[in-house]
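Student: pasting the structure only:
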């Protein structure tokens, strides 16, 4: 009887060791996808992009949903890091990303965001990468566009919801315009519009655009209004107020693959820039996780690879994706491509 | 099959059966949850379809009172322009486009200030009518989420928001993300119902569901065990006897349980056999010991005559007794001490002391009457090692020693009888000759002188005839008494012939002889009867230097006196 007991224990022990060895060896790298649950439906396009990307990828990386509220972002990320997650896909604002400085630095984790554009924020967080072109690039593109159109007095109106983004981008645009010898004035969205201008640049969210557009039309009539990337979403397309407005975009919405379009049609959604960037962010993070890239090697890995995203191939440079800036005109409920800038 | 193996078999079979049952119960519970999900899906679908059907045929009046569950309603003409809107917040391009293209449209989840809403639009003959509804259905105690096509979900019961991107990305309808099991089911309008269940509660439910099976297994286990025990009990004696026989290697006690009668009988038999073997061995030992004792006894029997044969003095007799005591002590280890008392003489050796010989203690003692004395033995025998046989042999030996001593006494006595004449108690002629012969030799060396006297009864035959032989014997005894009384201790006298006596007077002068002669004759004459005596005397060295010469001279002078 004793002999049988000893044999059983030995077999169980061997089986346990084999199982641990097997599971340890086959344990998949984990990627956490962070979504702000309190902003829920505003992120449905990004979530759809992420979902389409995950469905298109092989099963060699495990994706987990990580919900957070705007107030507990740092806590949630810290907990996730403690639970062993080393790769994250995020959809943060620049201000939110800035809060993570103390959480991420010094940790062997890689965070790939789809919409942070502020280069200061990107650089101050060691292993933070973004799929969007930086505000510096966007500012240059907008300044070039204004210079090309020969506008002389530019009113730059910035919102108050994402100060880091709004302040930096507006000041960069003003700086670049100044380099072209073009006058510009920066004003807050809640201030009265007194300055003379032949072109208005909006650096704010789409909601703020809808709020301020009546004032602009009232004060300046049908002068050209150029919105930054953050202004473009479905809200603008559904509003007559934004008709004729020019917006920058980080994706070519017209040249999507047929299969991608069919997928969106099935779920009754239209493509937008955040959706496509979310798709790209998931693709990049998947490759980082699959290759087991450590935080110290991430920049080198990203700089040395080309990635096939929703809009074709893209590369990385200085911790951000090097993609084109597209200018669209809102025509009723549709967008008309005016040109691209790189 | 042994009982142990049977129990192991039953246990393994039960565990396997229970595991399989648990798995099937787990699948059943999972399927039940899936069916629940189907029911919810049906309810949800019917609700949406009902709304679509309703709005597809309705014409929106000018004033609308929104019913419960309807958050807003909007009417759009065929060009996409809003005709009427009541509390409707989320008119999108997609609503219009997809309603035109597909005839109906269901939006992703909308967060209306924390409350979930979905937009349902349907094409009507006059345009498009859309309503915003709260998708939640009251399902208590269930953690079911309705998830839109982008992966956002809302709990149907408590309204909690949650993302399900990774769950929707999986092809399987059952996804384990520890500690939860997610069961998903596609439902109307690109929505998915996801039931989030704790795996532990699932296992608990499966276990509860398996309870009847476990009871059944237990009953089956018990009944089978009882049946097995019953059958085993029937066959047990034979089987156990066969096992028992198989285990026996030698005729020795069975060390297992004595729960069977045959085992007890067998062990009793072995015990009896062991007792007999021990008894037999003991007897053999005893016989061997007895044989060894007998050899020693025989040796002593053979030695005893030799020991006593050579005795020629009292000292050598004492030595013989000491040797006998020593030899008795050496007979066996059980003899610790030996004491022999012969007359007033005491011999002791070993643990026996003089006190033991003088007092009758608890030690073994034996007193034997010899021919002319008493021989007492006291022996200190070890009571544990002394056997009855040894004791008997010892008693026999001691009696034999008594016999040997008696023989010695007889021999001594016989030797003394040969030296003296039985009637007169004087020395015999032969003994007288030997002694006097030695005396003459001594005289020759010392140059002494001595006298020989021969006394003869004249006509002794006639005396006997006249007075009888008895009277003749009395005369002889009387004369011998006279001789003894008339001689010194150093003188030697004997009955010389049938009616004659001889006397040797050592260092006796011739001048004194006449008086002595007269004294002797005078005393003889005092006998009650008339007696005629002849006396002849010879002197050394005057009459001869040898015994024969001196005796011849004494005879001649006796004869001559008679003639005279």
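Tutor: Structure received. Treat the numbers as computed from the prediction; the structure is a model and nothing was measured.
Student: where does pLDDT dip in chain A?
Tutor: Along chain A, the parts satisfying pLDDT under 70 run over A:1, A:39-41.
Student: count of neighbours near residue 52?
Tutor: Chain wasn't specified; assuming chain A. The burial count assigned to residue A:52 is 24, neighbours taken as other Cβ atoms under 10 Å in any protein chain shown. Heads up, the C-betas are built off the backbone N, CA and C, glycines and all.
Student: try again with chain B
Tutor: 22.
Student: that one contacts residue B:120, doesn't it?
Tutor: Yes: the pair formed by residue B:52 and residue B:120 meets the contact definition of Cβ atoms under 8 Å, at 6.0 Å.
Student: pull up the overlap in contacts between the two.
Tutor: With contacts defined as Cβ atoms under 8 Å, 6 or more residues apart in numbering or on different chains, the residues shared by residue B:52 and residue B:120 are residue B:104.
Student: what are the phi and psi values for residue B:70?
Tutor: The phi and psi values for residue B:70, taken as degrees, to the nearest 10, are phi -100, psi 120.
Student: from chain B, how far out is residue A:259?
Tutor: Note on residue A:259: its distance to chain B, by Cβ to the nearest Cβ, to the nearest Å, is 16 Å.
Student: need the residues of chain A near chain B, please.
Tutor: Residues of chain A that fall close to chain B, judged by Cβ under 8 Å from any Cβ of the partner chain: A:1, A:4, A:33, A:35, A:37-45, A:47-48, A:50-51, A:54-55, A:62-65, A:67, A:234, A:237-238, A:266-270, A:333.
Student: report pLDDT for residue B:150.
Tutor: Each residue has a pLDDT score; the one for residue B:150 is 89.
Student: what's the burial count for it?
Tutor: Should you count by other Cβ under 10 Å, residue B:150 turns out to have 29 residues around it.
Student: measure it to chain A for me?
Tutor: With distances taken as Cβ to the nearest Cβ, residue B:150 is found 4 Å from chain A.
Student: write the ChimeraX selection for whichever of the residues of chain A next to chain B are buried.
Tutor: Buried residues within the residues of chain A next to chain B, by 16 or more other Cβ atoms under 10 Å in any protein chain shown, are selected in ChimeraX with:
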select /A:33,35,37,40,41,42,43,44,45,47,48,50,51,54,63,64,65,67,234,237,238,267,268,269,270,333
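Student: mind naming the longest helix for chain A?
Tutor: Taking DSSP state H as the criterion, chain A has its longest helix at helix A:2-25.
Student: residue B:280: which element?
Tutor: Secondary-structure element containing residue B:280, defined by DSSP states H and E: helix B:261-309.
Student: if you could redo that for residue A:338, that was the one I meant.
Tutor: Secondary structure from DSSP H and E places residue A:338 in strand A:334-341.
Student: contacts for the longest helix of chain A next, please.
Tutor: Residues lying outside helix A:2-25 but in contact with it, judged by Cβ under 8 Å, 6+ apart, are residue B:8.
Student: packing partners of the helix or strand immediately after it in the chain?
Tutor: On the C-terminal side of helix A:2-25, the nearest following helix or strand under DSSP H and E is strand A:30-36. Counting contacts by 3 or more Cβ pairs under 8 Å, 6 or more residues apart in numbering or on different chains; DSSP states H and E, the secondary-structure elements packed against strand A:30-36 are helix A:44-56, strand A:62-68, helix A:73-82, strand A:87-90, helix A:273-290, helix B:165-169.
Student: partner strands of the second one, with direction?
Tutor: Okay, so that is strand A:62-68. Strands flanking strand A:62-68 in the sheet, each with its direction: strand A:30-36 (parallel) (DSSP bridges).
Student: got the contact list for the partner strand?
Tutor: Applying Cβ under 8 Å, 6+ apart, the set of residues contacting strand A:30-36 from outside is A:43, A:46-47, A:50, A:61-70, A:73, A:76-77, A:80, A:84-92, A:282, A:285-286, A:289, B:152, B:163, B:165-166.
Student: and for stretch B:84-93?
Tutor: Counting contacts by Cβ under 8 Å, 6+ apart, the residues outside stretch B:84-93 that touch it are A:234, A:237-238, A:270, A:333, B:60, B:62, B:64, B:66, B:71-76, B:82, B:107, B:110, B:112, B:117, B:119, B:130-132.
Student: could you do stretch B:459-470 as well?
Tutor: B:457, B:471, B:472, B:475, B:498, B:499, B:529, B:531, B:532.
Student: and the average pLDDT for it is what?
Tutor: Summarised as a single mean, pLDDT over stretch B:459-470 is 90.
Student: what about residue B:328, neighbour count?
Tutor: When neighbours are counted by other Cβ under 10 Å, residue B:328 comes out with 25.
Student: is it true that it touches residue B:397?
Tutor: Yes: if you go by Cβ under 8 Å, residue B:328 and residue B:397 touch, sitting 7.4 Å apart.
Student: so what sits against both of those two?
Tutor: Contact with both residue B:328 and residue B:397 is made by residues residue B:300, according to Cβ under 8 Å, 6+ apart.
Student: next helix or strand past the helix holding residue B:280?
Tutor: Using DSSP H and E, the next helix or strand after helix B:261-309 towards the C-terminus is helix B:314-329.
Student: that next one - contacts with which helices or strands?
Tutor: Contacts of helix B:314-329 with other secondary structure elements, assessed using 3+ Cβ pairs under 8 Å, 6+ apart, are made with helix B:261-309, strand B:335-342, strand B:345-350, helix B:388-419.
Student: my read: residue B:123 touches residue B:55, true?
Tutor: No: counting by Cβ under 8 Å, residue B:123 stays clear of residue B:55, with 9.5 Å between them.
Student: show me what counts as buried in the strand holding residue A:338.
Tutor: Of the residues in strand A:334-341, those scored as buried under the neighbour-count criterion (16+ other Cβ under 10 Å) are A:335, A:341.
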